[in-house]
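> the following block contains a protein sequence and its predicted model.
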Amino acid sequence: MKKSDVVKQCARARWSWLSGLALIGACAGPSQEIQLPGAPTSVSKPAGAEPLAEPAGANTAGQAPSFSTQSASYVATPFDKLPGWKTDNLIESWPAFLGSCSVLAGRGGEWKRVCDHASAVGLTSNDSVRAFFENEFAPYQVRDDGSRADGVVTGYFEPEIKGSRQYRAPYVYPVYGVPEDMLVLDARKVSKAMASSTVAAKVEGREVVIQTGLSTRTLNAPDLYLLDLAGMALNSPDRKVRLRIEGKRLLPYYTREEIETRGAPNAKVLAFVQDAMELYEMQVQGTGTIKLTDGGTVHLAYADQNGHPFRPTVAQSASKKPAVKMRGGMVELDVDAQDDDEDDPTPTRTRGFKLVAPPPGGRVAVPGRRADGRVTGSGIKDPSYVFFRETPPTGAGPMGAMNVPLSPGRSIAVDPRSTPLGFPVFVSTRDPGDGKPMRRLTIAQDTGGAIRGAVRADYFFGSGPKAASQARRMKASGQLWVLLPRGLKVAAGGALAKTRGAGGVRELPQCLVETEDQCVDEQ
């Protein structure tokens with residue numbers, strides 16, 4: 001059919017679905033590829049492949065010698081082989097661990113047993129805490145999908161910036177809460193058959209629900225919308241797709257540039273700040289405090305994201321070797337691509353790379369206000385945009401992805417696809433100040449758009465100038481060991497290739513534990 005004929009038929013159809021979804025798909029125009037953070041390349045299972053039988057204990061933590069997922073492999077390692085395990089002050093990790101227990105114990109099973117036993121541990125000595133972990137957990141070294149054990153360890157902190165509750169110069173950049181018009185589709189409910197097709201969907205509150213088994217009579221219902229899934233990546237860390245309504249279609253939510261140039265009238269403005277780059281760094285960190293002109297303080301935590309991939313504009317080092325690589329929907333850091341000017345105090349050095357600051361003074365739209373001049377946006381090219389929620393002061397650290405306070409030096413941000421939230425992780429890396437070995441037990445309690453990859457950790461250094469300096473300088477090679485409760489059922493996958501001598505194949509699971517929800521970032 002010629003393009004002109006399609007246009008004519010679309011005009012006559014006026015979104016009538018009685019003529020079928022095929023024509024409507026043509027009316028919608030060519031599909032646009034949309035990348036969400038962490039979307040892996042899909043791999044088809046070979047035709048006629050049969051799953052391999054599992055030996056006894058192959059999927060039980062403490063018994064399985066190794067296992068694999070789509071993004072990582074795990075190799076059993078004795079505690080005495082963990083570098084620095086015997087010398088770490090494990091008592092320092094205990095408050096963070098109990099914070100995780102307050103969430104994980106509710107899942108029952110092995111975690112309830114472990115957390116019940118934790119309540120009886122006496123903190124009289126480091127040995128009692130070490131004995132607890134050695135009795136209750138089995139360490140597994142995390143390796144990437146190429147079986148490499150070395151990854152990248154960076155750092156983050158809680159930034160503090162100046163702001164105001166009211167719009168007035170120089171406080172002209174709005175800090176948004178979650179927009180009420182941003183809808184969410186649970187990608188786990190999208191079958192493989194649907195993934196490359198155009199479907200009908202209803203909107204229930206803020207949830208998008210795909211409809212199946214509809215007749216031609218019901219397809220024309222006023223509460224149904226057209227959703228083209230063909231160009232959408234459905235494997236983001238939180239398995240969610242952010243959408244908006246436009247006419248009778250559901251489209252990806254607005255990009256950063258669109259939000260900045262049109263405003264977000266359906267989002268609450270929490271405060272106004274004076275520097276677009278400071279706001280962007282707070283979005284990258286995922287937390288922050290705003291010191292108000294009247295002496296008050298606004299505590300902010302990550303609430304949601306617009307669904308577009310994290311694509312920072314990064315300064316190139318003198319070696320011309322990029323510090324950040326993009327693979328699929330994932331941001332990868334190269335630890336060998338060191339930034340120049342290590343003593344540069346610029347606030348744009350964050351989470352292992354140095355951001356390129358746009359020219360200052362870019363105008364952004366503010367809901368309810370007429371712009372004094374041309375609105376061009378901040379000039380920040382990253383399409384992702386983070387929305388915040390205001391949290392009450394707790395006297396502890398800021399809230400992480402598990403909604404428990406983060407512990408400086410003992411909480412880390414991870415990629416939840418390879419390291420489930422709440423699990424203990426032993427990290428071996430180097431101190432950002434003196435370069436000496438830094439080996440300690442941490443707890444995976446946060447995530448971030450820049451934290452992608454199997455062997456990837458981001459130390460939380462805390463708040464204040466010292467924490468900011470340490471976090472900005474932290475980028476080093478490191479290794480990770482995730483501690484799994486003994487007896488926990490784990491993935492027992494092998495590679496998506498013929499296993500030597502077996503003649504069969506096994507499709508890799510997405511999560512290292514049987515309950516995939518534990519590998520989903522449910523912020």
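Good, I have the coordinates. Numbering: from 1, shown residues only.

> phi and psi next, for residue 136.
phi -100, psi -20 (degrees, to the nearest 10).

> same question, residue 82
Backbone torsions for residue 82, taken as degrees, to the nearest 10, come to phi -80, psi 120.

> with adjacent residues omitted, what lies nearest to it?
Excluding its sequence neighbours, the residue lying closest to residue 82 (CB to CB, 6 or more residues apart in numbering) is residue 426, at 5.3 Å. C-beta: built from backbone N, CA, C; applies to glycine.

> ok, that neighbour to residue 85 distance?
Distance check for residue 426 against residue 85: by CB to CB, to the nearest Å, it reads 7 Å.

> over to residue 430?
As judged by CB to CB, residue 430 and residue 85 stand 17 Å apart.

> what about those two, which has more around it?
With other CB atoms under 10 Å as the criterion, residue 430 and residue 85 differ in neighbour count, and residue 85 comes out ahead with 22 against 17.

> residue 438 versus the more buried one, what's the distance?
13 Å.

> same check, this time on residue 119
Shown here: residue 119 relative to residue 438, a distance of 30 Å by CB to CB.

> which one of these two has more residues nearby?
Neighbours of residue 119 and residue 438, each counted by other CB under 10 Å, are more numerous for residue 438; the result is 21 against 9.

> any low-confidence regions in the stretch 401-523 of the chain?
Confidence mapping of the stretch 401-523 of the chain against pLDDT under 70 gives the ranges 492-507, 514-523.

> residue 371: how many residues sit nearby?
Using other CB under 10 Å, residue 371 is surrounded by 12 other residues.

> isn't it up against residue 365?
Yes. In terms of CB atoms under 8 Å, residue 371 counts as a neighbour of residue 365; the distance is 6.5 Å.

> so what's the residue count around the closest residue to residue 105 other than its chain neighbours?
Of all residues not flanking residue 105 in the chain, residue 115 sits nearest, at 3.9 Å (CB to CB, 6+ apart). Other residues lying near residue 115 total 21 when counted by other CB under 10 Å.

> shouldn't residue 115 be within a helix?
Yes. Inclusion of residue 115 in a helix is indicated when DSSP: H, G, I helix; E, B strand; the rest coil is applied.

> that one and residue 399, how far apart?
Residue 115 sits 20 Å away from residue 399 when distances are taken as CB to CB.

> now residue 196
As it turns out, when the distance is counted by CB to CB, residue 196 lies 38 Å from residue 399.

> okay, the two: which has more neighbours?
Neighbour comparison, residue 196 and residue 399: the larger count goes to residue 399, with 22 against 12 (by other CB under 10 Å).

> show me the contacts for that one.
Counting by CB atoms under 8 Å, 6 or more residues apart in numbering, residue 399 makes contact with 287, 301, 391, 405, 406.

> what's the nearest residue to the first one if we skip its chain neighbours?
Beyond its immediate neighbours in the sequence, the residue positioned closest to residue 287 (CB to CB, 6+ apart) is residue 398, lying 4.2 Å away.

> low pLDDT regions in the stretch 151-300 of the chain?
Judged by pLDDT under 70, the stretches of the stretch 151-300 of the chain that qualify are 216.

> can you give me the helices for it?
Counting by DSSP state H, counting those that start in this stretch, the stretch 151-300 of the chain has helices at residues 256-262, 276-285.

> and residue 95, what element?
In the assignment (DSSP states H and E), residue 95 maps to helix 94-104.

> joint contacts of residue 426 and residue 85?
Here residue 426 and residue 85 have residue 439 as joint contacts, going by CB under 8 Å, 6+ apart.

> residue 436 reaches residue 84, doesn't it?
No. Between residue 436 and residue 84 there is no contact under CB under 8 Å: 11.0 Å.

> who has more neighbours, these two?
Set side by side, residue 436 and residue 84 show more neighbours around residue 84, with 14 against 8, by other CB under 10 Å.

> surely residue 79 meets residue 85?
Yes. Contact between residue 79 and residue 85 holds when scored by CB under 8 Å: they sit 5.6 Å apart.

> picking up where we left off before, from residue 461, how far out is the residue nearest to residue 287?
From residue 398 over to residue 461 the distance is 12 Å, taken as CB to CB.

> circling back to that earlier point, tell me which other helices or strands the helix holding residue 95 touches.
Under the contact criterion of 3 or more CB pairs under 8 Å, 6 or more residues apart in numbering; DSSP states H and E, the helices and strands touching helix 94-104 comprise helix 109-118, strand 437-446.

> please point out which parts of it sit buried.
Within helix 94-104, the residues that qualify as buried by neighbour count (16 or more other CB atoms under 10 Å) are 94, 95, 96, 97, 98, 99, 100, 101, 103, 104.

> can you give me the domain boundaries for this structure?
The chain resolves into domains spanning 66-154+400-519, 157-176+271-367+377-391, 183-252 when parsed by automatic domain parsing.
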